[in-house]
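>>> Mind looking at a prediction? Sequence and model below.
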Amino acid sequence: MAGSPTCSILIYILWQLTGSTASGSVKELVGSIDGAVTFPLKSEVKQIDSIVWTFNTTPLVTIQPEGGPMIVTQNRNKERVDFPDGGYSLKLSKLKKNDSGIYNVEIYSSSLQDPFTRKYVLRVYEHLSKPKVIMGLQSNKNGTCVTNLTCCMEHGEEDVIYTWKALGRVVNESHNGSILPISWRWGESDMTFICIARNPVSSNFSSPILARKLCEGAADDSDSSMVLLCLLLVPLLLSLFVLGLFLWFLKRETQEESIEEKKRADICRETPNICPYSGENTEYDTIPSTNRTIPMEDAANTLYSTVEIPKKMENPHSLLTMPDTPRLFAYENVI
């Protein structure tokens, strides 16, 4: 239905966004929290019946120049709204974050078929606090420090632009963006890095960051590497020394044993009877028997005895297997 409130609001919003005849371009304004902003209004309309200011779709204030009252629709805005110098430009004070939005002014006149309108876009920003710098992963190789510095706002303010300044070299460098890659070698001249944060109403600087302080780990890493290398080499060298000493003693002992064996071999060759060899190389000397003269028997003084040989010993071969058997003689002289 054409007369329904919903359709009327939609039509009004579309009309506010598109504007009417002689509206002109949209003017953008910025303000800071607790600050003030003025919406300038200059009109060539000679006879003005009323002026209506709206915020988004809500009426803000209505003015009747011909001695009529100024009507402020919300009480909280009475102390904030003003028209300086008796003109029609609106000044809004004590800005808040939620004051950001679209403002429209409509001038009604009996001389105009359609009201004269103008649109403003207001953005309210906070004053920037000191930006915070975060260091990324650091790599220290051969005394060179490589890392990234990230500049950010603690509360995540809008429309912030970041710039880096690098001081300390012949030509000072600048870098746009929140991330600054750095590479600094230990022993070079010190450098200072500063992050600058800006928004449309303010700017602020980070605390200066010294490359030497930031990359202390580069020197520590180099020193720690030398210490670690020494800690690894000392036990290794000590182990090699002990092993070499053990091998030298072992070789020396082997040489001494070889010399002793050689000396014994020489002695044995010079005196073979002192150093008998194994049974395979044993040489036996044959000792010739001496002819002995057997005395003549004296029948009167001779006593004869009979010796019986046990049956076990009748086998002549058994003598070889019985080492404890007493040796038998063919005869015995008895006096």
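Yep, that arrived. Numbering: from 1, shown residues only.

>>> Give the burial count for Glu158, as a bare number.
Other residues near Glu158 come to 13 when the count uses other Cβ atoms under 10 Å. In short, each C-beta sits where N, CA and C put it, glycine included.

>>> residue contacts, it?
125, 199 (Cβ atoms under 8 Å, 6 or more residues apart in numbering).

>>> Repeat that for Lys132.
If a contact means Cβ under 8 Å, 6+ apart, then Lys132 has 151-154, 206 as its contacts.

>>> so where do the helices sit in the stretch 1-150 of the chain?
Secondary structure of the stretch 1-150 of the chain (DSSP state H, counting those that start in this stretch): helices at 5-18.

>>> Would you mind measuring from Arg212 to Glu188?
9 Å (Cβ to Cβ, to the nearest Å).

>>> my bad, Val133
Applying Cβ to Cβ, the value for Val133 to Glu188 is 21 Å.

>>> Flag the shaky bits of the stretch 151-300 of the chain, pLDDT-wise.
Flagging of the stretch 151-300 of the chain using pLDDT under 70 yields the residue ranges 169-171, 217-231, 263, 266-300.

>>> on that earlier part again, give me the more crowded residue out of Val133 and Glu188.
Val133 (20 against 15).

>>> In this structure the more buried one contacts Ile194, no?
No - if you go by Cβ atoms under 8 Å, Val133 and Ile194 don't touch, sitting 9.2 Å apart.

>>> what touches both of those two?
Taking Cβ under 8 Å, 6+ apart as the criterion, Val133 and Ile194 both touch 206, 209.

>>> how does the protein divide into domains?
Listed domain ranges for the chain are 8-125, 132-218 (source: automatic domain parsing).

>>> Now do the contacts for the closest residue in space to Asn104 that isn't next to it in sequence.
Excluding its sequence neighbours, the residue lying closest to Asn104 (Cβ to Cβ, 6 or more residues apart in numbering) is Thr54, at 4.9 Å. By Cβ under 8 Å, 6+ apart, the contact set of Thr54 is 16, 60, 103-106.

>>> Looking at Thr54 now. What's its pLDDT?
At Thr54, the model reports a pLDDT of 93.

>>> Run a quick neighbour tally on Tyr125.
Counted with other Cβ under 10 Å, Tyr125 comes out at 21.

>>> what's the answer for Gln47, then?
Around Gln47 there are 10 other residues, counting by other Cβ under 10 Å.

>>> Would you confirm that it contacts Leu112?
No - using Cβ under 8 Å, Gln47 is not in contact with Leu112; the gap is 9.1 Å.

>>> Which residues are in contact with each of the two?
Residues touching both Gln47 and Leu112 (Cβ under 8 Å, 6+ apart): none.

>>> on that earlier part again, generate a PyMOL selection restricted to the buried subset of the contacts of Lys132.
To isolate the buried subset of the contacts of Lys132 in PyMOL, counting by 16 or more other Cβ atoms under 10 Å, use the following:
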select buried, resi 151+152+153+206
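
>>> Between the contacts of Lys132, which sits nearest Lys42?
Distance to Lys42 across those (Cβ to Cβ) is lowest for Met153, with 37.7 Å.

>>> List the residues that contact that closest one.
Counted by Cβ under 8 Å, 6+ apart, Met153 has contacts 128-129, 131-132, 160, 197.

>>> sorry, back to before: ranking the contacts of Thr54 by neighbours, who comes first?
Most surrounded of the contacts of Thr54: other Cβ under 10 Å gives Val105, at 23 neighbours.

>>> What separation do you get for it and Pro65?
Using Cβ to Cβ, we find Val105 at a distance of 13 Å from Pro65.

>>> Show me whatever sits in contact with both of the two.
Jointly contacting Val105 and Pro65 under the rule Cβ under 8 Å, 6+ apart are 51, 88.

>>> before we move on, the earlier item: reformat the domains of the chain as CSV; add distance to Ile259.
Formatted as CSV, the domains of the chain follow (distance: least, Cβ to Cβ, whole Å):
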stretch, distance to Ile259
domain 8-125, 100
domain 132-218, 56
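
>>> Nearest to Arg264, out of those domains?
Of all the domains of the chain, domain 132-218 comes closest under Cβ to Cβ, at 64.3 Å.

>>> Which of the three states applies to Ala197?
Under DSSP: H, G, I helix; E, B strand; the rest coil, Ala197 falls in the strand class.

>>> Could you give the bridge partners of it?
On the basis of DSSP bridges, Ala197 is bridged to Tyr162, Asn204.

>>> what does His175 give?
Per DSSP bridges, residues listed as beta-bridge partners of His175: Trp164.

>>> which residues touch it?
163-164, 166.

>>> Of those residues - the most surrounded one?
Trp164 (22 neighbours).

>>> Give the full set of residues in contact with that one.
149, 151, 174-177, 180, 193-196.

>>> If any of those are buried, put those into a ChimeraX selection.
In ChimeraX, this line selects whichever of these come out buried by 16+ other Cβ under 10 Å:
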select :149,151,175,180,193,194,195,196
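
>>> Extract the residue ranges of the stretch 1-150 of the chain that are flagged as low pLDDT.
1-24, 67-68.

>>> would you list the contacts of Lys132 in a markdown table and tack on distance to Lys96?
Converted to a markdown table, the contacts of Lys132 look like this (distance: Cβ to Cβ, whole Å):
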| residue | distance to Lys96 |
| --- | --- |
| Cys151 | 27 |
| Cys152 | 24 |
| Met153 | 19 |
| Glu154 | 20 |
| Ser206 | 28 |
